[in-house]
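> Quick one: sequence and predicted model below, then my questions.
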Amino acid sequence: MGRLIKFEVVSMPKLYVVGKSIKLLVKEKMIKEQIRNFWANCLKDGTLALIEEQSEYIFDPSYVGFSIGSKDGYVDYYCGMIMKNGVELPDPEYKIKQLDKTDVAVGWIQGKSLSDINLNAFEITEEKMKIEGYRYTNEWSMEVFNCPRFTHTDDFGDRILDYYLPCYKK
């Protein structure tokens with residue numbers, strides 16, 4: 001199980017998530033496997049490389065898994081990157097989601113594998129947020145696969161996922 005090793009609330013400017021997306025039924029038992037397969041396909045087909053070509057618009061070079069729910073019991077899950085204003089969609093298969101300026105709780109979740117870390121990333125970030133006097137806005141969540149924190153393991157075989165939740169002070 002992942003563990004929180006760092007927490008902070010930062011002000012995030014208006015940004016854009018650009019990437020490919022899939023619609024997933026939240027109650028689906030195979031949702032984690034579907035996301036894993038989606039990532040494998042996006043890495044294989046060059047999805048992220050096309051976004052990276054617009055280097056002048058990259059806000060953060062990390063890849064992201066972005067989730068935003070809908071009222072019909074589904075979630076739109078994006079495999080992409082966080083970009084600045086002016087970015088263009090590299091292909092009609094890509095989508096863009098504007099993220100308005102907001103405060104964001106950032107939890108650094110440490111663990112041995114992504115499945116280990118993701119098991120409780122939302123819950124422990126939200127719990128720490130509440131302790132610090134913030135509330136989740138229920139808008140979206142984002143996994144940020146920072147290099148080298150996530151992409152390389154430390155001497156103990158651990159990696160760190162940055163987990164973002166938009167929030168407000170209660």
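Yes, it's here.

> From now on I want contacts and neighbour counts done on CA atoms only, so please keep to that.
Will do.

> buried sites along the helix or strand hosting Glu33?
Element membership of Glu33 [criterion: DSSP states H and E] is helix 31-45. Residues of helix 31-45 classed as buried by neighbour count (16 or more other Cα atoms under 10 Å): 35, 38-39, 42.

> Using CSV, list the CA coordinates for the helix or strand following it.
Note on helix 31-45: by DSSP H and E, the next helix or strand toward the C-terminus is helix 47-52. Taking C-alpha atoms only, helix 47-52 is exported to CSV below (Å, rounded to 0.1, in the frame of the first residue of the first chain):
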residue,chain,number,x,y,z
THR,A,47,0.3,9.4,-28.3
LEU,A,48,2.6,11.3,-25.9
ALA,A,49,5.4,11.9,-28.5
LEU,A,50,2.9,13.9,-30.6
ILE,A,51,2.1,16.1,-27.6
GLU,A,52,5.7,16.6,-26.7
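
> For helix 47-52, could you pull out the residues that count as buried?
Those would be 47-48, 51-52, for helix 47-52 by 16+ other Cα under 10 Å.

> returning to what we had before: let me know the closest of the buried residues of helix 31-45 to Asp91.
Proximity of those to Asp91 (Cα to Cα) peaks at Cys42, which lies at 13.5 Å.

> circling back to that earlier point, could you dump the buried residues of helix 31-45 into a markdown table with distance to Ser70 added?
Formatted as a markdown table, the buried residues of helix 31-45 follow (distance: Cα to Cα, whole Å):
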| residue | distance to Ser70 |
| --- | --- |
| Ile35 | 17 |
| Phe38 | 19 |
| Trp39 | 21 |
| Cys42 | 23 |
